[in-house]
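predicted structure and sequence below. I'll ask about it afterward.
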Amino acid sequence: MGDHQGIAGHFLMDFYCWRVATPSDHRVATITDPTKIVTEDSIPIIDVSDWNDPKVTESICEAARKWGFFQIVNHGLTLEDLDKIKDAGHRFFGLPKEERAKYWKGKSPANTVSLSTSFSPHAEAVLEWKDFLSFSYVSGDPEAAALWPPVCKFQVLEYMEKAKIVIKRLLEALLKGLNVKEIDQAREYVLMGSPVINFNYYPRCPSPELAAGVGPHSDISTITVLLQDDNGGLYVRATEGDCWIHVPPVNGALVVNVGDTLQILSNDRYKSVEHRAVANRNKNRISVPIFVDPGPDAVIGPLPEVLEDGEKPIYREIVFSDYSKYFFSKGYEGKKTMDYARI
Ligand SMILES: O=C(O)CCC(=O)C(=O)O
Ligand SMILES: [Fe+2]
């Protein structure tokens with residue numbers, strides 16, 4: 001066990017020894033059951049080199065309706081941009097333990113950055129072998145990032161600036177599919193008022209069959225734009241049956257998924273979909289999701305454009321920070337969080 005194992009790795013090793021001695025324990029991951037992995041299905045890969053092509057818009061909307069998950073290529077971020085942000089994540093998790101610990105949740109010098117571990121054996125049904133560093137991004141305010149870790153601060157800011165362009169294009173396309181012609185400032189606040197970027201770090205795991213990377217959940221975001229490395233390990237719930245589809249790493253691609261907020265705004269036209277990541281025996285995996293979240297006080301409910309023809313709203317109006325608090329107050333329960341907003 002090197003220091004590079006992260007916080008979860010250190011705590012978990014003790015717990016793991018205890019776990020092995022209690023085989024009847026219910027906390028056993030099931031993802032490795034090969035009969036539950038569908039190999040003939042795969043989520044779409046969309047070439048977005050021409051964002052103005054109506055076929056691109058249609059492919060994005062169709063993928064969001066059918067799968068809630070897709071990958072995009074030729075989006076404008078270069079391989080170098082993607083490598084730089086992954087390297088920045090590895091640099092942070094390669095820091096000595098004491099350096100990383102400065103950003104520990106509750107002790108961090110700024111409320112816009114915090115380090116957490118998913119290790120919470122009492123709350124989780126399946127142990128999660130993951131640490132994550134979370135940044136709240138405040139556009140145009142260098143003060144907000146002043147105390148971020150110097151080993152990755154610049155790269156996170158640069159990546160967010162570039163990714164914002166892709167995020168806006170994606171939202172424009174998705175909202176076009178909901179009859180929304182223009183995204184004004186108020187709408188922009190509802191759709192992407194407080195983005196959060198994570199470095200998810202999954203240290204090598206001695207017994208991946210006994211742990212999860214991240215358990216089944218849907219994201220609460222409007223959309224999530226995720227960069228994964230070439231280790232793989234992300235699975236999406238298939239549209240039918242109790243099966244999972246692997247999201248293969250594609251060089252240069254970004255994975256996009258619909259979050260609960262967009263499902264609510266679209267009155268179920270677009271679906272947020274459960275996904276999970278597995279722990280890995282041989283390599284340290286990193287993923288970099290941007291959770292495109294609404295502003296904390298934004299009011300979320302089915303958009304007037306989707307109810308235009310007299311359709312009944314499936315969801316009530318909720319304040320995003322209330323939804324977020326509810327989500328984080330409990331362990332993952334698949335898509336159950338959405339009941340909070342359902343009428
Ligand atoms: O690491 C991954 O591939 C997925 C991470 C994820 O689902 C999340 O952070 O919400
Ligand atoms: Fe997620």
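Nice, thanks for sending it over. Ligands and ions are numbered 1, 2, ... in the order given.

what's the burial count for residue 146?
11 (other Cβ atoms under 10 Å). Glycine gets a C-beta too; all of them are placed from N, C-alpha and C.

contact partners for it?
For residue 146, the contacting residues are residue 110, by Cβ atoms under 8 Å, 6 or more residues apart in numbering.

got a pLDDT number for it?
Per-residue pLDDT puts residue 146 at 91.

ok, now the one 5 residues further on?
As summarised for this prediction, residue 151 has a pLDDT of 97.

wouldn't it be in contact with residue 95 here?
Yes - if you go by Cβ atoms under 8 Å, residue 151 and residue 95 touch, sitting 6.5 Å apart.

the stretch 101-250 of the chain: strands as residue ranges?
Remark: strands assigned in the stretch 101-250 of the chain by DSSP state E, counting those that start in this stretch are 113-117, 131-136, 196-202, 212-217, 223-228, 234-237, 244-246.

partner strands of the last one, with direction?
If I follow you right, that is strand 244-246. strand 37-38 (parallel), strand 234-237 (antiparallel) (DSSP bridges).

run through the stretch 51-200 of the chain and note the low-pLDDT ranges.
Scanning the stretch 51-200 of the chain with the threshold set as pLDDT under 70 gives 119-126.

and it, which residues reach ligand 1?
Residues of the stretch 51-200 of the chain lying near ligand 1 by Cβ under 6 Å from any ligand atom: 198, 200.

now do 8 Å
Residues of the stretch 51-200 of the chain that fall close to ligand 1, judged by Cβ under 8 Å from any ligand atom: 130, 132, 198, 200.

count of neighbours near the residue lying closest to the first one once chain neighbours are set aside?
If I follow you right, that is residue 130. Setting aside the residues directly before and after it, residue 130 is nearest to residue 118 in space (Cβ to Cβ, 6 or more residues apart in numbering), at 4.5 Å. Look at residue 118: counted by other Cβ under 10 Å, it has 23 neighbours.

re earlier: which single one of the residues of the stretch 51-200 of the chain next to ligand 1 is nearest to residue 333?
Proximity of these to residue 333 (Cβ to Cβ) peaks at residue 130, which lies at 17.8 Å.

burial check on that closest one, number of neighbours?
28.

torsion angles phi and psi at it?
Note on residue 130: its backbone torsions stand at phi -150, psi 140 [degrees, to the nearest 10].

what two of the residues of the stretch 51-200 of the chain next to ligand 1 are the furthest from one another?
Between all members of those, the farthest pair (by Cβ to Cβ) comes out as 130 and 198, at 10.0 Å.

any idea how far residue 84 is from residue 144?
Distance, residue 84 to residue 144, by Cβ to Cβ, to the nearest Å: 21 Å.
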